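In: Sequence and predicted structure, then a few things I'm wondering about:
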Amino acid sequence: MQAESGRLRMWLAACCLAMLSLSAAAADRLGLLRSLRPVLLDLASPGRLLVRSQSGTADNRTTIPTGLNASGEKTLQSEMLEQQQVLRRLMIENARLRRELQRDRQRFGAEDPQEVRSALLQMTLLPAQVLSCRDGLPADLRELLVAAGRARGLTRSELVVQGPGGIVDVGRAQSVQPGDRVLDGLAVVGRIEKSARWVSLVQPISASGFRANVQLLRRTTDGALFAARGILEGVGEPDCRLTGIAATEAVAVGDEVVATDIEGLRGPHLYFGKVVHANFLAGGQWDIRVTPAVRLDELRDVQILHWELQPAEQSVTTAEPPRR
Amino acid sequence: MKPVLAAVICAWLALMLEVSCTDLIPRGALFLPVVCAVLTWQPGVRLLLAGGLLLLLDWIARPTLLPAVPLLLPFGLLLVVPPAPRRQYGVGRRLRLPTPLQIPVLTMAAAALQCLAGLSYVKLPTTAELLLLASRDLTPLLLAALPVSAVLALLLRLADETGLRRPFNSELQRI
């Protein structure tokens, strides 16, 4: 009899859990759990950071002895190390001089306030690992959690981009060779919606409430041409909507959509997607749909565009031994 | 209260390892076997609620479409675990599943539920989509989760032999 009552209590507990799960699903559908999600993953983050730091230490331990085992090549290695240090010093010096030259150019040549702001700030890319991703659902439920938060200086509304870029419209005809550096062409995944201490929640570009200033980029026989400017809006559907395009502007299916600015500052033309539907309505307005360039479920690592103040100028110093 | 605290710590450690190695360990490969072991350690209301809440918190932290695992796995436990202590290792008619198989079977069910919960509900999945799901998501998850669950089942058996684990503790006291 006692065993039966215990069994009954377990069935009741299972039913309570089922009710709780359904309530949580309803709350999630209403967006009530979005703020709780980064907090929960933050709780696991101290251990995660510890594991990662330990794995990094283990890697270092495995690499150091392999270098020391070759005792006959010690002299050669020390010479190489010295050369590398000299080379590194020269590269640092070169980069510093180049930065100073660029800064002086901006300081004395810039009249636009935006350029002055740009001169004060520099853009950095913070790599981050994707912790949790929910794709293949209605766009309102799509989410992405990345392993970077306030501890790394992230704030709300910073853009999240995918590391590998898209396809560029130049080739061997323009003397492009394998190994050439490609600076622009980062595809935008979304924007930081909420940042906890060690993790951040990303708002994908198709989610409701996402907005960005964009510009159309058209490929012609003469090369790529920048066309009309507008506002890209997420509407909670797989495709985004492009608004603010004047009726007199020309829009065509296949036009690329790139960013005009990054948080009001001039930066690289980040890639958003491609126009898949452009219909001129009877009222004299464009109905333009843009498909995002990035699928969330393909992402493993992302990068976050982060503005920070330019480092203070340092005077030229040489390492001199202290005089006694 | 001690088993509940230990369960929370074990689940947190499993979650931490999974989150720190997302490229190596599929989602749920450690967490699901650990929670299944928690549920079968001492089948009772406390650990059932603790395990279910841990599954629910994991779903909130790393969501799929529906919380299918915390919704259905407790019922699966009740179907798998025998209702009385004397039938646990016996071969009576009411025995549903041998004890060493409980954790692997529960893990398989949880993994299948987790993969199914990730499907889109916009349209019913076709056979090809289900096969793709099985090959792309379920197989890697089971390849990692089943060995873990087997090790945990062996540890539970070892705990039985050494007297660390007392399933159906209250009933045994009454007997």
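Out: On my side now, so go ahead.

In: which one's the longest strand in chain A?
Out: strand A:121-134 (DSSP state E).

In: what packs against that strand?
Out: helix A:36-69, strand A:143-146, strand A:301-309 (3 or more C-beta pairs under 8 Å, 6 or more residues apart in numbering or on different chains; DSSP states H and E). The C-beta positions use only the backbone N, C-alpha and C, and glycine is treated the same way.

In: rank the ones you listed by pLDDT, which is bottom?
Out: Out of these, helix A:36-69 stands lowest, with a mean of 66 (criterion: mean pLDDT).

In: Can you identify the element that follows that helix toward the C-terminus?
Out: Downstream of helix A:36-69, the first helix or strand assigned by DSSP states H and E is helix A:74-109.

In: secondary structure class for B:A134?
Out: Judged by DSSP: H, G, I helix; E, B strand; the rest coil, the three-state class of B:A134 is helix.

In: For B:T127, see how far away it is.
Out: Remark: distance between B:A134 and B:T127 (C-beta to C-beta, to the nearest Å) = 10 Å.

In: These two: which has the busier surroundings?
Out: Taking other C-beta atoms under 10 Å in any protein chain shown, B:A134 and B:T127 do not tie; B:A134 has more neighbours (13 against 7).

In: Any stretches of the stretch 201-324 of chain A with poor pLDDT?
Out: Scanning the stretch 201-324 of chain A for pLDDT under 70 picks out A:262-267, A:298, A:308-324.

In: Any idea which residue of it lies closest to chain B?
Out: Closest contact between the stretch 201-324 of chain A and chain B, by C-beta to the nearest C-beta, is at A:R300 (6.3 Å).

In: ok, for that residue, nearest residue in space, not its chain neighbours?
Out: A:V130 (5.8 Å; C-beta to C-beta, 6 or more residues apart in numbering or on different chains).

In: Do you have the helices of chain B handy? List them.
Out: Along chain B, the segments classed as helices by DSSP state H run B:2-20, B:31-41, B:45-61, B:68-80, B:99-117, B:127-133, B:139-162, B:169-174.

In: now the fourth one, how far from the centre of its chain.
Out: The reference is to helix B:68-80. Centroid separation between helix B:68-80 and its chain, computed with C-alpha atoms, centre = their mean, to the nearest Å, is 9 Å.

In: List the contacts of the most centrally placed residue in chain B.
Out: Residue closest to the mean C-alpha point of chain B, counted by C-alpha atoms, centre = their mean, is B:C36 at 2.4 Å. By C-beta atoms under 8 Å, 6 or more residues apart in numbering or on different chains, the contact set of B:C36 is B:G51, B:L73, B:Q102, B:I103, B:L106, B:T107, B:A110, B:S149, B:L152.

In: Mind picking the lowest-pLDDT entry from the residues you listed?
Out: Lowest pLDDT among the contacts of B:C36: B:Q102, with 88.

In: count of residues packed around that one?
Out: 24.

In: Show me the strands in the stretch 201-324 of chain A, by range?
Out: A:211-220, A:223-233, A:240-243, A:256-259, A:271-280, A:286-292, A:301-309 (DSSP state E, counting those that start in this stretch).

In: just checking, what packs against the fourth one?
Out: Using 3+ C-beta pairs under 8 Å, 6+ apart as the contact criterion, the elements in contact with strand A:256-259 are strand A:211-220, strand A:271-280.

In: next one: the first one
Out: Using 3+ C-beta pairs under 8 Å, 6+ apart as the contact criterion, the secondary-structure elements in contact with strand A:211-220 are strand A:223-233, strand A:256-259, strand A:271-280.

In: which outside residues touch the second one?
Out: Outside of strand A:256-259, the residues that reach it under the criterion C-beta under 8 Å, 6+ apart are A:188, A:212-219, A:224, A:232, A:242, A:267-275, A:290.

In: Give me the sheet partners of it and which way each runs.
Out: Looking at strand A:256-259 with DSSP bridges, its partner strands are strand A:211-220 (antiparallel), strand A:271-280 (antiparallel).

In: Let's have these in CSV, adding mean neighbour count.
Out: What follows is those, written out as CSV (neighbours: other C-beta atoms under 10 Å in any protein chain shown):
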stretch, mean neighbour count
strand A:211-220, 18
strand A:271-280, 18
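
In: list the contacts for A:P292?
Out: A:P292 makes contacts with A:P204, A:I205, A:S206, A:P238, A:D239, A:C240, A:F272, A:G273, as judged by C-beta under 8 Å, 6+ apart.

In: Most widely separated two among the residues you listed?
Out: A:P238 and A:F272 (14.0 Å; C-beta to C-beta).

In: quick one on the thing from earlier: want to try a markdown table for the helices and strands packed on strand A:211-220, with distance to A:V294 as columns?
Out: Shown next, in a markdown table, are the helices and strands packed on strand A:211-220 (distance: least, C-beta to C-beta, whole Å):
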| stretch | distance to A:V294 |
| --- | --- |
| strand A:223-233 | 14 |
| strand A:256-259 | 13 |
| strand A:271-280 | 8 |
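
In: what's the distance between B:I60 and A:L20?
Out: B:I60 is 11 Å from A:L20, by C-beta to C-beta.

In: make that A:H277, sorry
Out: According to C-beta to C-beta, A:H277 stands 42 Å off from A:L20.

In: B:L65 now?
Out: For B:L65 relative to A:L20 (C-beta to C-beta), the value is 17 Å.

In: With that, I have no additional questions.
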